[in-house]
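[1] this one's sequence-less:
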């Protein structure tokens, strides 16, 4: 029987720039921390637009620049210390998943006294968090509409995902035009990330299914397959950017996961980026087809075939096994030919030296659940298929 | 450019009966009004389960029985008077759209001093509302996840829909098993209602489109077309009931309407049920294909054809006009053959005597916007096509 509990109260403001951000922030407080990555938020004018919205609404803005990809616990610590010192009441993220995740954990760490890493690893509970607003600049993680954050401890090579309702953004501004400057490679990595959220968490499962939700997931994946190459070719194609942006939020907002949360490829990828700082979407793109090949057997082939038929429009009148392999090949063509992403870890400059440790970490706590249970040996074998 | 603002914070508890309802209600207050329709909530044990949940959580339950289909403003007035007198802090609806809508307006009217009809018609603003919880017993209106309510003034033959964020249910319990006892006719009317929400509001538009959302809408309509006849034949088929139930919520929770709210058939149907107390879904089923025929021209045929191809699996390699008429015929076969609903108003016992007034009411305020602008004469012509 399908059972789930879900709530996602994030207010979405789509296609309207950052209009109203000042008013929304002022509802939560008078002092805002504005988090962003490098200079692109400045160059493309988004930071300026946010600051002027805040100023007009009488909200003081403290800038927090330099949130890195795969955000580190040390950055969260710095941000939280600043918030405490300056009496910040609301945190605003301008960026992609890294900035949003970092902002969420800064919001939680500000309301806590203990070690930030203990919060991330759930050894200490999150009891409260400042309200978070986001301004999304890349269609990828869906962090703008989910209550999760992934933080890396660079010293210990650990990357943890935490999920807590208090981390859910209150308001997210989705403006497809803000993604016009995302370069083709990052657009491709974002598309792989969006695809993987559905692919990984929702599609392949031996659990109870809900046909309606399956159909929605297929629609989402079809949108990614159709519009990602368009956005790479025509960076200012509003329709392509809008479809990718809204699909990204939906891929992770929880409404598509009535079957619970298997995240096989994500669990394996998090180890890659904990050790190598590889772009998350690229790591996923390398892993997805290999994982599918590793899982493919008589029990699982029908679903893999269905993926090919309903997402890539492949022929349905073939055997399950032929259909499954055709689906995997279609996925490879999309990721490696249409998106032009690296096919192997070797191409991405990653060797086998840490595979054993990484596999052990990925499978900690009894292995990875999902379409097929994966122990440390399975994970290591999949990493080797990626060489 | 696609622009929208949306938020839907309703917590959904799916497939878990009313487990946790007491705790959720107690978070809002100690005295609950429990609204329901006739005796079916009693007979099928749902009322008992709700009362025992409330009692265990220390919440006093006041029963409010007898909410009628197409709920009347006089019923809202009685409920609100009771809430005021008894100091009710939270309103619980057990039922379908009528009970939920009535409960929402009771929640708002309790927090207001003026006339309830003035609130419904927006001549007086809703400033606050008691929190509302719902327990859904039929897959149909989607009121469990939206902020709207439709109330009828029987004296003046007026039926108004009001939409206000304060009316959004806080928690909705969706248990497919609670719909096992819904008879085939009501199941069919509910399915027509679900279909119409997508069909009417989202699918047919000349506005900006978002391919991803189109795909989701098609998935939703396919689920209704596939599972409604199953639920009629096998009332205890969990999969069929679960798909219909979740599709109903999605059809109206706003995430599928980035293009705004045309509601052509609903506007016409509301007049039918304001004058005749016809079941809402049946009125819609009679109207939908006629409206589509009336709208079908060279500009609109491609979209109507696409509806047939993507929802009913019709052949794509025909002309737009042929494809459009094939789509309308497929819709008719679904509504009148598969669901067995009445094809005409005549069959439903409704004549032409009030058509002129009804058409004038439906088109008040400059006509019905949507796929095609409809003035009073257009509406009257469509009503005549339904005879």
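    The structure has been received and is ready for your questions. Here the structure is a predicted model, which means the values were calculated and not measured.
[2] My read is that residue A:362 contacts residue A:271, right?
    Yes - if you go by C-beta atoms under 8 Å, residue A:362 and residue A:271 touch, sitting 4.7 Å apart. Yep, even glycine has a C-beta here, placed from its N, CA and C like the rest.
[3] Residue A:291 versus the closest residue in space to residue A:275 that isn't next to it in sequence, what's the distance?
    Closest residue in space to residue A:275, ignoring its immediate chain neighbours: residue A:354 at 5.1 Å, by C-beta to C-beta, 6 or more residues apart in numbering or on different chains. Using C-beta to C-beta, to the nearest Å, residue A:354 is found at 18 Å from residue A:291.
[4] Which one's more surrounded, those two?
    Taking other C-beta atoms under 10 Å in any protein chain shown, residue A:354 and residue A:291 do not tie; residue A:291 has more neighbours (29 against 17).
[5] Can you give me the neighbour number for residue A:249?
    Residues within reach of residue A:249, counting by other C-beta under 10 Å, total 24.
[6] Look up how far chain B lies from it.
    Between residue A:249 and chain B the distance is 10 Å, computed by C-beta to the nearest C-beta, to the nearest Å.
[7] can you pull the pLDDT of that residue?
    Looking at residue A:249, its pLDDT reads 92.
[8] a helix runs through it, doesn't it?
    Yes - according to DSSP: H, G, I helix; E, B strand; the rest coil, the state of residue A:249 is that of a helix.
[9] Does it touch residue A:142 like I think?
    Yes - the pair residue A:249 and residue A:142 passes the contact test of C-beta under 8 Å, sitting 5.3 Å apart.
[10] Could you please name the strands the helix or strand where residue A:133 lies pairs with and the direction of each pair?
    Using DSSP states H and E, residue A:133 maps to strand A:132-136. In the sheet containing strand A:132-136, its partner strands are strand A:90-95 (parallel), strand A:171-174 (parallel), by DSSP bridges.
[11] want to try TSV for these, with mean pLDDT and mean neighbour count as columns?
    Listed next are these as TSV, based on pLDDT from 0 to 100; neighbours: other C-beta atoms under 10 Å in any protein chain shown:
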stretch	mean pLDDT	mean neighbour count
strand A:90-95	98	29
strand A:171-174	96	24
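[12] Looking at those strands, spot the one closest to residue B:328.
    strand A:171-174 (35.8 Å; C-beta to C-beta).
[13] Spell out which residues of the stretch 51-200 of chain A are next to chain B.
    Contacts of the stretch 51-200 of chain A with chain B, taken as C-beta under 8 Å from any C-beta of the partner chain, map to residue A:176.
[14] let's see 10 Å
    A:168, A:170-171, A:174-177 (C-beta under 10 Å from any C-beta of the partner chain).
[15] ok, which stretches of chain A are strands?
    For chain A, the strands defined by DSSP state E occupy A:4-14, A:31-36, A:60-64, A:90-95, A:132-136, A:148-153, A:158-163, A:171-174.
[16] re the thing from before, will you turn the strands paired with strand A:132-136 into TSV that also has distance to residue A:337?
    Formatted as TSV, the strands paired with strand A:132-136 follow (distance: least, C-beta to C-beta, whole Å):
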stretch	distance to residue A:337
strand A:90-95	29
strand A:171-174	29
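[17] Out of those, the one nearest residue A:20 is which?
    Nearest of the strands paired with strand A:132-136 (C-beta to C-beta): strand A:171-174, 8.3 Å.
[18] circling back: can you pull the phi/psi pair for the residue nearest to residue A:275?
    Torsion angles at residue A:354 (phi, psi; degrees, to the nearest 10) stand at phi -110, psi 10.
[19] correct me, but it touches residue A:362?
    No - using C-beta atoms under 10 Å as the test, residue A:354 is too far from residue A:362 to be in contact (11.2 Å).
[20] tell me, what's touching those two both at once?
    A:271-272, A:274, A:383 (C-beta atoms under 10 Å, 6 or more residues apart in numbering or on different chains).
[21] about what we covered before: of all the strands of chain A, which one is nearest residue A:216?
    Proximity to residue A:216 (C-beta to C-beta) singles out strand A:4-14 among those, at 13.9 Å.
[22] average pLDDT for that closest one?
    Regarding strand A:4-14, the rounded mean pLDDT is 86.
[23] do that strand and chain B meet?
    Yes - among the residues of strand A:4-14, A:4-14 lie within reach of chain B under C-beta under 10 Å from any C-beta.
[24] The residues you listed, buried ones only, as a PyMOL selection?
    Per 16 or more other C-beta atoms under 10 Å in any protein chain shown, the buried members of the residues of strand A:4-14 next to chain B correspond to this PyMOL selection:
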select buried, chain A and resi 4+7+8+10+11+12+13+14
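[25] Any chance of TSV for the residues of strand A:4-14 next to chain B, columns distance to residue B:379?
    Listed next are the residues of strand A:4-14 next to chain B as TSV, based on distance: C-beta to C-beta, whole Å:
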residue	distance to residue B:379
A:4	41
A:5	43
A:6	39
A:7	39
A:8	38
A:9	38
A:10	38
A:11	35
A:12	34
A:13	35
A:14	32
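[26] of the residues of strand A:4-14 next to chain B, closest to chain B?
    residue A:9 (2.9 Å; C-beta to the nearest C-beta).
[27] so how far is residue B:132 from the closest residue to the closest one other than its chain neighbours?
    Nearest residue to residue A:9 in three dimensions, chain neighbours excluded: residue B:9, at 2.9 Å (C-beta to C-beta, 6+ apart). From residue B:9 across to residue B:132, the span is 13 Å (C-beta to C-beta).
[28] Need the overlap of contacts for the two.
    Residues within reach of residue B:9 and of residue B:132 at once, by C-beta under 10 Å, 6+ apart, are B:168-170.
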